[in-house]
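# what would the 3D arrangement of this be:
(2 chains)
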Protein chains: 2
Amino acid sequence: MTATKAQIKHLRDLHRRKEREEAGTFLVEGVRLVRDALASSSPMEGFYYTEAAAADPAVVELVTLAQKRTPDVYRLSARDMDAVSDTTTAQGVLAEFRQHHPAIDSVLRAGEEESVLVALDGVADPGNLGSIIRSADWFGVQGVFVGHQSVDLYNPKVVRSTMGSIFHLPVVPDVDLLAVLSRARAMGYTVYGADAAGEMHFDRMSFARKSVLVLGNEAWGLSDAVKGLTDVRVAIRRYGAAESLNVGVACGILLSGLHRLIE
Amino acid sequence: MTATKAQIKHLRDLHRRKEREEAGTFLVEGVRLVRDALASSSPMEGFYYTEAAAADPAVVELVTLAQKRTPDVYRLSARDMDAVSDTTTAQGVLAEFRQHHPAIDSVLRAGEEESVLVALDGVADPGNLGSIIRSADWFGVQGVFVGHQSVDLYNPKVVRSTMGSIFHLPVVPDVDLLAVLSRARAMGYTVYGADAAGEMHFDRMSFARKSVLVLGNEAWGLSDAVKGLTDVRVAIRRYGAAESLNVGVACGILLSGLHRLIE
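You can find the predicted model right below:
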């Protein structure tokens, strides 16, 4: 089947946060990401591919998988695909998935004895949010909370820069971070705030078995309200002249210490 | 003085690599970056600001500093500034600096006894290159070599995402990486290649006092030729499901281990 003009307009609309929220869906682009999404429990709402892409056996395989999941599998012309794609090098494969995430409490209860969670307080750059989710996945973090001041989790650039990790671990978007952190503390978590002015250097510390690592905004770090809910503020020792580290890099460094440092 | 149309065209041209190479200059935008650039030994070729920006005392200070360095200090209309600016939130301050970097051998000789250098083999994303230079600066690395397969060091997004670090430490762009690594080895450096399939995990290793850490391309990692010149391939232990880490994050994690791990 060929997609209608209304469907193409709908896909274009999904580039805007407001429209994504209304539809309750988001776009996933490219062979690898769509494959990761199909392998997850995210419900698929539609699948779109170009004739040129269908020359690739990997795409044919995806089409077959997609047809088992939804009747809404459509062909797009190369021009329409360009129009709905967020990337300049679209691979001719695009899917619409339902926004789908676990409840806060189920994430907090994920690891009975040992659980490391990441919470984000106003991370604004899509590439940073994506790379943080990717690092969290690499280091086996149990879940990620994205505070409602942050960039939208379902922004196409965020989804892309997770490199599929958004489909590998529980990520809860748009949370009230103060409520989540209070609840985590009540459940026995120790809350660590990444803070260049922190009292503790990460290479000299241990993390508790139940830990939440909170990272703040690129420009102003953690908000005062969130700082008030941290147990320990952790810094990364500086040896040179840079004023700060990129927040995604700081997150990766702190997570790399977790397994080495858990008490 | 008000900038001429030819000057405005020249500034716009500098958004393209070819034009930057012909002019031998590059653009620096925003109060903070221009201040860092002025504090470095980079020669300034021109300074441009809007009337609105001049209401900010920080900008007035920069104008005064700029006038001591060059007669080419000009006012731009807000519209012209928008046209020549690479950012959507231009701060009304822009400067042209000469591309200026040390010789390869002077960087290799920087630390007599102890020297950590970073070398990049085809890093393609401007934000990644910028964040790597920023991390190198944070961790007190002696210098960075950017292989000629990488994105242009003077790309405005690279300059911006270094957050000023491009002016804090020696960065040599467009190098023949094989020649640099051979020379480094001849001078007693140990060459470490970041490689997800590496035989050594970074949390179990020490770095030599004279080390070069090489990172590869986002999609395909280190080239075979570069791998052939590494002494040790270092991996970051994985605990979860992500296929890889962002190259900037991997670089930060490996550099965070340097001071802890130097033999």
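
# please identify the helix or strand for the closest residue to residue A:35 other than its chain neighbours.
On the basis of Cβ to Cβ, 6 or more residues apart in numbering or on different chains, the spatially nearest residue to residue A:35 that is not a chain neighbour turns out to be residue A:62, at 6.3 Å. All C-beta spots, glycine's among them, are computed from the backbone N, C-alpha and C. Using DSSP states H and E, residue A:62 sits in helix A:57-69.

# buried residues, that helix. List them.
For helix A:57-69, the neighbour count (16 or more other Cβ atoms under 10 Å in any protein chain shown) marks A:59, A:62, A:65-66 as buried.

# and the residue nearest to residue A:35, what does it touch?
The contact partners of residue A:62, by Cβ atoms under 8 Å, 6 or more residues apart in numbering or on different chains, come to A:31, A:34-35, A:38, A:47, A:49, A:93.

# let's see that with 7 Å instead.
Contacts for residue A:62 (Cβ atoms under 7 Å, 6 or more residues apart in numbering or on different chains) come out as A:31, A:34-35, A:93.

# again with residue A:259
Counting by Cβ under 7 Å, 6+ apart, residue A:259 makes contact with residue B:239.

# which SS class is it?
Following DSSP: H, G, I helix; E, B strand; the rest coil, we place residue A:259 in the helix state.

# show the pLDDT at it.
Residue A:259 carries a pLDDT score of 70 in this model.

# sorry, back to before: let me have the contacts of residue A:62 in CSV, adding distance to residue B:144 as columns.
Formatted as CSV, the contacts of residue A:62 follow (distance: Cβ to Cβ, whole Å):
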residue, distance to residue B:144
A:31, 34
A:34, 36
A:35, 36
A:93, 37
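
# secondary structure added to these, as TSV?
Listed next are those as TSV, based on three-state DSSP:
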residue	secondary structure
A:31	helix
A:34	helix
A:35	helix
A:93	strand
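
# which of those residues lies closest to chain B?
residue A:35 (11.7 Å; Cβ to the nearest Cβ).

# distance of the closest one relative to residue A:91?
Distance, residue A:35 to residue A:91, using Cβ to Cβ, to the nearest Å: 11 Å.

# reformat the contacts of residue A:62 as TSV; add pLDDT and neighbour count.
Supplementary listing: those in TSV, determined by pLDDT from 0 to 100; neighbours: other Cβ atoms under 10 Å in any protein chain shown:
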residue	pLDDT	neighbour count
A:31	93	17
A:34	95	28
A:35	95	18
A:93	95	28
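
# now the two most distant members of those residues.
A:35 and A:93 (9.2 Å; Cβ to Cβ).

# which element follows the helix holding residue A:62 toward the C-terminus?
Next element after helix A:57-69 (DSSP H and E): strand A:73-76.

# give the next helix or strand downstream of that next one.
With elements assigned by DSSP H and E, the helix or strand that comes after strand A:73-76 is helix A:78-84.

# now that next one: mean pLDDT?
pLDDT averaged over helix A:78-84 gives 91.

# you'd agree residue A:44 is up against residue A:97?
Yes - applying Cβ atoms under 7 Å as the test, residue A:44 and residue A:97 come out as touching, 5.5 Å apart.

# so whichever residue of the stretch 51-200 of chain A sits closest to chain B, which state does it fall into?
When scored by Cβ to the nearest Cβ, the stretch 51-200 of chain A has residue A:140 as its residue closest to chain B, at 3.2 Å. Using three-state DSSP, the structure places residue A:140 in coil.

# give me the nearest residue to it, chain neighbours excluded.
Residue A:140's closest residue in space is residue B:239 (Cβ to Cβ, 6+ apart), at 3.2 Å.

# right, and residue A:92 touches residue A:51 too?
No - Residue A:92 is beyond contact range of residue A:51, at 8.4 Å (criterion: Cβ under 7 Å).

# neighbour count for these two, which is higher?
Using other Cβ atoms under 10 Å in any protein chain shown, the more surrounded residue of residue A:92 and residue A:51 is residue A:92, with 22 against 12.

# contacts only, for the more buried one.
Applying Cβ under 7 Å, 6+ apart, we find residue A:92 in contact with A:49-50, A:52-53, A:59, A:81.

# up against chain B, what does the stretch 1-150 of chain A have?
A:127, A:131, A:134-135, A:137-140 (Cβ under 7 Å from any Cβ of the partner chain).

# if we go to 8 Å?
Contacts of the stretch 1-150 of chain A with chain B, taken as Cβ under 8 Å from any Cβ of the partner chain, map to A:127, A:131, A:134-141.

# one step back: pLDDT at the residue nearest to residue A:35, what is it?
95.

# how close does it get to residue A:37?
For residue A:62 relative to residue A:37 (Cβ to Cβ), the value is 10 Å.

# residue ranges for the strands of chain A, please.
With DSSP state E as the criterion, chain A has strands at A:25-29, A:44-50, A:73-76, A:93-98, A:115-120, A:143-147, A:171-175, A:190-194, A:200-201, A:210-215, A:232-235.

# go through those strands and name the closest to residue A:160.
That would be strand A:25-29 among these, by Cβ to Cβ, at 6.7 Å.

# what is the helix or strand of chain A with the lowest mean pLDDT packed up against?
Here the helix or strand of chain A ranked lowest by mean pLDDT, DSSP states H and E is strand A:200-201, holding a mean of 83. Under the contact criterion of 3 or more Cβ pairs under 8 Å, 6 or more residues apart in numbering or on different chains; DSSP states H and E, strand A:200-201 touches strand A:232-235.

# name every strand pairing with the strand it packs on and say which way it goes.
Looking at strand A:232-235 with DSSP bridges, its partner strands are strand A:190-194 (parallel), strand A:200-201 (parallel).

# for that strand, what is the distance to the chain centroid?
Its chain's C-alpha centre and that of strand A:232-235 lie 23 Å apart, by Cα atoms, centre = their mean, to the nearest Å.

# please apply the same query to stretch A:220-235.
Taking mean C-alpha positions (Cα atoms, centre = their mean), stretch A:220-235 and its chain are 21 Å apart.

# likewise stretch A:200-217?
Distance of stretch A:200-217 from the chain centroid (Cα atoms, centre = their mean) equals 20 Å.

# pull up the distance across it, start to finish.
End-to-end span of stretch A:200-217 (Cα to Cα, to the nearest Å): 20 Å.

# which of the strands of chain A has the lowest mean pLDDT?
Among the strands of chain A, strand A:200-201 scores lowest, with a mean of 83.

# now the strands of chain A in JSON lines, with distance to residue B:165?
Shown next, in JSON lines, are these (distance: least, Cβ to Cβ, whole Å):
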{"stretch": "strand A:25-29", "distance to residue B:165": "32"}
{"stretch": "strand A:44-50", "distance to residue B:165": "42"}
{"stretch": "strand A:73-76", "distance to residue B:165": "43"}
{"stretch": "strand A:93-98", "distance to residue B:165": "37"}
{"stretch": "strand A:115-120", "distance to residue B:165": "24"}
{"stretch": "strand A:143-147", "distance to residue B:165": "28"}
{"stretch": "strand A:171-175", "distance to residue B:165": "31"}
{"stretch": "strand A:190-194", "distance to residue B:165": "19"}
{"stretch": "strand A:200-201", "distance to residue B:165": "21"}
{"stretch": "strand A:210-215", "distance to residue B:165": "20"}
{"stretch": "strand A:232-235", "distance to residue B:165": "18"}
